[in-house]
Structures are given as structure tokens and as C-alpha cells.
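Chemist: With the sequence up front, the predicted model follows.
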Amino acid sequence: MKGVILAGGTGSRLRPITHTGPKQLVPVANKPVVEYALDDLVEAGIDEIGIVLGDKGREAIQAYFGDGSEFGVDITYIVQGEPLGLAHAVGCAREFVGDEPFVVYLGDDLMRDGITDLVGDFDPDKYAAGIGVQAVDEPSRYGIVDIDESGDVVGLVEKPDDPPSDLALIGIYVFTPAIFEQIEALEPSWRGELEITEAIQGLLDDGARVQSHEVHGWWKDTGKPEDVLHANRLVLDAIETDIRGTVEDGANVRGRVQLGEGSVIEAGAVVRGPVSIGENTRIGPGAYVGPYTSIGDDSTVDDVHIESSVTMGENEITADRTVVDSLVGRKATIRPNTDRRPAGDQLVVGRNSSLEL
Ligand code: G1P
């Protein structure tokens, strides 16, 4: 089976972070969100992977994964260009997948338990498609499915006002090539997109069967900053200690901590896991790095109390401040105001930034 990762989309809900890079490269515990999808495909035995790219951040994703050999896979890049919807993105992969069943994974979704069971469960002789589902609190935000007692899907609807159930499509699909005819017949939805949900409904309308697979481990769509922070907490909850850098004598480190190569936790610094620290980063003597924090590569953190936050890398965070529940973009700095004239916080705040002071 081949795998297709959808990595287009504009990332509008993650601005300003996505002004400078694609949402799929936003790090969770120091690993880009989209790499979790790739790892799950590999774990399910899939090593031929197509990545469908939008215009946004295309080069950055290609530069990160290259031809895939470093990740033990063979990657083909497929350019979607304009973001015309998930079904359009899947349709772009037609030539790549050929005549075999294939897996589609939304590149900004994270799943605790991976996709091995879901993929192994799928029987292409009986079903035209298989979908991962999970009960959600706000069904009107998702694609929602109605199933019968055997788990067969009887209907699907995208972001319903009046949801038939609370079972959401979680962004992992197994398709037979029958889906492509359905995609060709689609018209844009009310939100101007070709909806994969409607293409799957088309399979049902033509008499084909669609299998559901309920996923029990947590699942997270990382569309918004608070989702990234939540996903970071979920992933850090399960990390093991892994110290590749240096913890100086006199540093106060407790709990599970990952420390990348070339990084140092200096004497006097306090780190309370679970925490992930990238490579070549300095945690200075005045720093307190609290639970559920991921600090990116090539950064300096000192004289600050930071917790439950994600910093993306190349950051200098040295203000005498407490930073919590924050997402700090690449190369952003939070420094002290040294001349005190005028007194107060001095800010350089980009478009779509949000500060809660
Ligand atoms: C998309 C799908 C929806 C699915 C969701 C899962 O929604 O259209 O069916 O439930 O992903 O994350 P979107 O993220 O485009 O709002």
C-alpha cells in the first residue's frame, strides 16, 4: 500500500506562525507535526509516500524531508497549488497511487496509537473505503459519520448544524481507486472546497460499503495555537528521558527531560519535566523551564520562567518574565528592556500576532 500525506492548506488559524512557514512544520516536542504522520505510515509498513503540497511553504517541506532516504522512505512530491479542498488534494495523487488501495493522512493531525490497526483492519474486497473515527465534543466542527451496529458507515456530513452522531472523521482514510471517480463528480461546498466527506458519501450512494474504525487513543488536529500547545502536552506526557547534551553540576533537573546534542543546562538552571529541549540551546543559570515545555534548537533561555509553552527555535528568551501557554515563533526574541526609558514593555508585534499581558 502507498501512503499520501496532505500537506497543503494555508494555515490561516495559525497566523502569524504560518506567515513564515507551513503549519505542518510547526514542532511538537521538537518534531514537525507532519513527521508524526510519516512515522505512523512507516510503522504501518508503508514506505512509498506521496506528499501533496500547497503553494505555502512548499520548499520548506521538501527541504526538510528531501527524497525521504534519511527517514527510510521514498517520497514523491505532488503539487496541489491552490488549496481547493481535501478531495482536490487527494485527486492530485491519482497518478502516484495507481490501481492499488492507499492510505490518506492529514498532515496536521496527530494520533497517539498510530494507524497500524486501522490499516490492517481494512478489507478492500469488501469495502471501497475505510475511515478512522472518534467521538468528539463539538461535532459541528468536523465531518460526522453515522454508522450501523456492525460499524458500516450509513452516511456522512461535513460540519453539520444538526449532527447525526458525535463520531468525527479524524483525518485518516484508506481508499480504493474508486474514490477518484467520486472526486471528479464533486462540486465545491458552501465553504468553496471539494469535500472528501462528500466523495465518500458518493461511494455509499453508488452502493459501495464504507468501513469505520474507531480510534481510542487521543487524536489532535493542530489547526490553532491552543491545539499545538495541547498536542505538545499530550506528546510530552509520554516521552522518556534522553540526555544527549550536557547537564552541568549544580543544574536542578527533575522529571523526564529530553536534551538535544550540543545543548547545555547550566549550573543554577531549574528544569522540571516533562520537557523537550532541542539542539545547540543554552538554558542559563537564571532559567526555570517548567513542565510541558518544548524549547527549540539554537536558542538561549535565561532569567525567565517558562512553562507549558512551545518555542520554535533560534529564539532568545531572556526577559525577567513568566511565560506560560505560549507559542513563540522561529527567531522571535523576548528580551529585557535594559535602558528603562521609556519604562514598560517594548514590543515589535507582527501582523496577526496575539499578546495576552
Ligand atoms: C477536515 C475534514 C473533516 C475532518 C477534519 C479532521 O476538516 O474536512 O471532515 O473531521 O478535517 O481534522 P478541516 O480541518 O478542513 O476543517
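Modeler: On my side now, so go ahead. Numbering: from 1, shown residues only.
Chemist: CA atoms for contacts and neighbours, from now on please.
Modeler: Will do.
Chemist: beta partners for whatever residue of the stretch 201-350 of the chain ends up closest to the ligand?
Modeler: Residue nearest to the ligand within the stretch 201-350 of the chain (CA to the nearest ligand atom): Asp221, separated by 5.1 Å. Taking DSSP bridges as the rule, Asp221 bridges to Asp109.
Chemist: give me the number of residues near it?
Modeler: As a burial measure, Asp221 scores 18 neighbours (other CA atoms under 10 Å).
Chemist: ok, now Trp190?
Modeler: Residues lying near Trp190 (other CA under 10 Å) number 8.
Chemist: mind checking how far it is from the ligand?
Modeler: Going from Trp190 to the ligand by CA to the nearest ligand atom, to the nearest Å gives 12 Å.
Chemist: ok but that residue is inside a strand, no?
Modeler: No - applying DSSP: H, G, I helix; E, B strand; the rest coil, one finds Trp190 to be coil, outside a strand.
Chemist: how far away is it from Gln182?
Modeler: Distance, Trp190 to Gln182, by CA to CA, to the nearest Å: 18 Å.
Chemist: Could you check which residue of the stretch 51-200 of the chain lies nearest the ligand?
Modeler: For the stretch 51-200 of the chain, CA to the nearest ligand atom, closest residue to the ligand: Gly143, 3.2 Å.
Chemist: I'd guessed that residue sits against Lys159; true?
Modeler: Yes - judged on CA atoms under 8 Å, Gly143 makes contact with Lys159 at a distance of 5.3 Å.
Chemist: between the two, who's got more neighbours?
Modeler: Neighbours around Gly143 and Lys159, counted as other CA under 10 Å, are more numerous at Gly143. The numbers are 23 against 16.
Chemist: Setting the sequence-adjacent residues aside, check what's closest to that one.
Modeler: For Gly143, ignoring the flanking residues on the chain, the nearest one in space by CA to CA, 6 or more residues apart in numbering is Glu158 at 4.0 Å.
Chemist: Next up, the contacts around that neighbour.
Modeler: Tyr142, Gly143, Ile144, Glu195, Thr197, Glu198 (CA atoms under 8 Å, 6 or more residues apart in numbering).
Chemist: Tell me the buried residues within those.
Modeler: With neighbours counted using 16 or more other CA atoms under 10 Å, those contain these buried positions: Tyr142, Gly143, Ile144, Glu195, Thr197, Glu198.
Chemist: Looking at those residues, which is nearest Gly278?
Modeler: Tyr142 (33.6 Å; CA to CA).
Chemist: Would you confirm that the closest one contacts Gly171?
Modeler: No - between Tyr142 and Gly171 there is no contact under CA under 8 Å: 9.8 Å.
Chemist: Write out the residues of the chain neighbouring the ligand.
Modeler: Counting by CA under 6 Å from any ligand atom, the residues of the chain close to the ligand are Tyr142, Gly143, Glu158, Ala168, Leu169, Ile170, Gly171, Thr197, Asp221.
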